[in-house]
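1. Got a sequence here, can you build the structure:
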Amino acid sequence: MLDVTRLRVLLAVAQKGSLTEAAKALHYSQPSVSHHLARLEAETGAKLIQRAGRGIRLTEAGRLLADRAADIIGRLDATAEELAAHVGLRTGRVRLTAFPSALATFVPEAAGRLTAAHPGLRLELTETEPPEALRLLRAGRVDVAVIFRYDDTAPEDGGVHMVHLLDDPSYLVSRTPAGSLADHADSAWIAGCDRCRSHLLDICDKAGFAPRITFTSDDIVAVQALVAGGLGLTLLPGLALQAHRHPDVDATEVPGSTRHVYAAVYGEPPHPPATEALLTALRESLRTPAMSLA
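-> Residues are numbered from 1 along each chain as shown. Just a heads-up that it's a prediction; the model follows:
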């Protein structure tokens with residue numbers, strides 16, 4: 001059976017790129033790190049690291065095991081947090097990652113509700129786009145991932161339970177009233193993140209043209225400033241416009257273009273108490289008049 005401590009050592013070496021830095025991160029001596037790696041190689045029967053000039057690098061087998069170690073250790077750490085959460089939610093932490101416009105709109109309200117209801121529960125927030133958020137969730141590095149997907153987005157991997165939060169319509173954002181998508185087959189377009197860009201390509205294809213993308217940015221403030229400057233049109237979801245609305249742009253809802261926002265959790269219910277408390281706070285935050293998009 002593989003030793004978890006030695007897996008942690010291998011993971012630290014993979015992340016830090018050297019025995020010295022891994023030893024510092026783990027608060028071990030360098031000989032101790034070398035010893036753990038040697039024992040791990042003996043356990044697995046595989047060469048895991050090799051010399052590369054004055055440094056080291058992982059072999060193919062080492063990279064494979066380090067990738068698996070990240071998932072294993074992440075799940076173990078998450079399990080430890082889940083057990084701690086059963087102490088009446090008086091202590092412990094819950095970790096949430098969300099995309100930018102969610103963090104700028106309903107997530108702060110949810111965070112406030114969670115803290116008020118469970119003052120001993122520590123909430124950790126990070127900002128990531130959906131693909132990275134799901135990777136963190138599967139690795140056990142977050143407990144809840146607020147993500148979005150479109151109807152044309154590829155299905156998520158198995159093992160992830162999706163809790164629907166809201167449907168977020170898309171808007172054609174332009175300097176002047178823009179009409180329909182089909183009216184802008186020859187216009188310059190500004191694209192966003194990879195998932196949003198894919199949706200833009202799909203929705204324009206359905207309108208009968210391929211958009212001429214001249215700028216790409218996932219910064220909703222910068223994108224709207226570019227539109228206001230006459231440098232192109234863009235497609236933005238309602239949450240983005242709720243988070244920031246440039247005074248010199250026009251927004252027209254696009255029929256058939258809606259993204260669906262979910263709270264993704266690893267595994268099926270029942271979820272740990274801290275995770276359920278966070279899910280409840282997220283749902284309640286969207287029921288307040290200030291945050292409702294209905």
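2. List the contacts of the residue nearest to residue 2 when sequence neighbours are not counted.
-> Distances taken as Cβ to Cβ, 6 or more residues apart in numbering place residue 43 nearest to residue 2, at 6.3 Å, with adjacent residues excluded. C-beta here means a position set from N, CA and C on the backbone, and glycine is covered the same way. For residue 43, the contacting residues are 2-3, 6, by Cβ atoms under 8 Å, 6 or more residues apart in numbering.
3. just residue 285 next, same as before
-> Counting by Cβ under 8 Å, 6+ apart, residue 285 makes contact with 106-107, 109-110, 113, 291.
4. can we see that at 10 Å?
-> Shown in contact with residue 285 (Cβ atoms under 10 Å, 6 or more residues apart in numbering): 105-114, 165, 291-292.
5. hang on, residue 120 packs against residue 92?
-> Yes: using Cβ atoms under 10 Å, residue 120 is in contact with residue 92, at 7.8 Å.
6. Pick out whichever of the two has more residues nearby.
-> Relative neighbour count places residue 92 above the other of residue 120 and residue 92, with 21 against 11, counting by other Cβ atoms under 10 Å.
7. partners of the longest strand along the chain, with directions?
-> Longest strand in the chain, counting residues (DSSP state E): strand 250-266. Partner strands and pairing direction for strand 250-266 (DSSP bridges) are strand 144-150 (antiparallel), strand 160-174 (antiparallel).
8. I'd say residue 116 and residue 123 touch.
-> No: at 11.5 Å, residue 116 does not count as touching residue 123 under the criterion of Cβ under 10 Å.
9. Quickly list what's touching both of those two.
-> Common contacts of residue 116 and residue 123, defined by Cβ under 10 Å, 6+ apart, comprise residue 281.
10. Looking at those two now, which is surrounded by more residues?
-> residue 123 (20 against 9).
11. tell me the angle the helix or strand that contains the more buried one makes with strand 144-150.
-> Element membership for residue 123, per DSSP states H and E: strand 122-127. Comparing the axes of strand 122-127 and strand 144-150 via axes from the mean of the first three to the mean of the last three Cα atoms, to 10 degrees yields an angle of 30 degrees.
12. Would you map the strands across this protein?
-> Under DSSP E, the chain gives strands at 49-52, 55-58, 93-98, 122-127, 144-150, 160-174, 188-191, 212-216, 233-237, 250-266.
13. Count the neighbours of residue 151 for me.
-> Counted with other Cβ under 10 Å, residue 151 comes out at 12.
14. Wait, it touches residue 257, no?
-> Yes: applying Cβ under 10 Å as the test, residue 151 and residue 257 come out as touching, 9.0 Å apart.
15. what touches both of the two?
-> 199, 202-203.
16. Now, those that are in helices?
-> Judged by DSSP state H, the shared contacts of residue 151 and residue 257 include 199, 202-203 as members of helices.
17. Same list, those residues, but as a markdown table with distance to residue 101 and neighbour count please.
-> Formatted as a markdown table, those follow (distance: Cβ to Cβ, whole Å; neighbours: other Cβ atoms under 10 Å):
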| residue | distance to residue 101 | neighbour count |
| --- | --- | --- |
| 199 | 14 | 25 |
| 202 | 20 | 15 |
| 203 | 18 | 20 |
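18. returning to that earlier point: mind putting the contacts of residue 285 into TSV with neighbour count?
-> Shown next, in TSV, are the contacts of residue 285 (neighbours: other Cβ atoms under 10 Å):
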residue	neighbour count
105	22
106	30
107	24
108	14
109	18
110	27
111	18
112	13
113	19
114	24
165	21
291	18
292	11
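19. Now residue 25: closest residue in space, sequence neighbours ignored.
-> Leaving aside its sequence neighbours, residue 25 sits nearest to residue 12 (Cβ to Cβ, 6+ apart; 5.2 Å).
20. got it, and residue 276?
-> Once flanking residues are discounted, residue 276 sits nearest to residue 270: 7.5 Å by Cβ to Cβ, 6+ apart.
21. okay but that neighbour is in contact with residue 279, surely?
-> No: the pair residue 270 / residue 279 is not scored as a contact, 11.3 Å apart, by Cβ under 10 Å.
22. Settle it for me: which of the two has more neighbours?
-> Neighbour tally, residue 270 and residue 279, criterion other Cβ under 10 Å: the higher count belongs to residue 279, 21 against 8.
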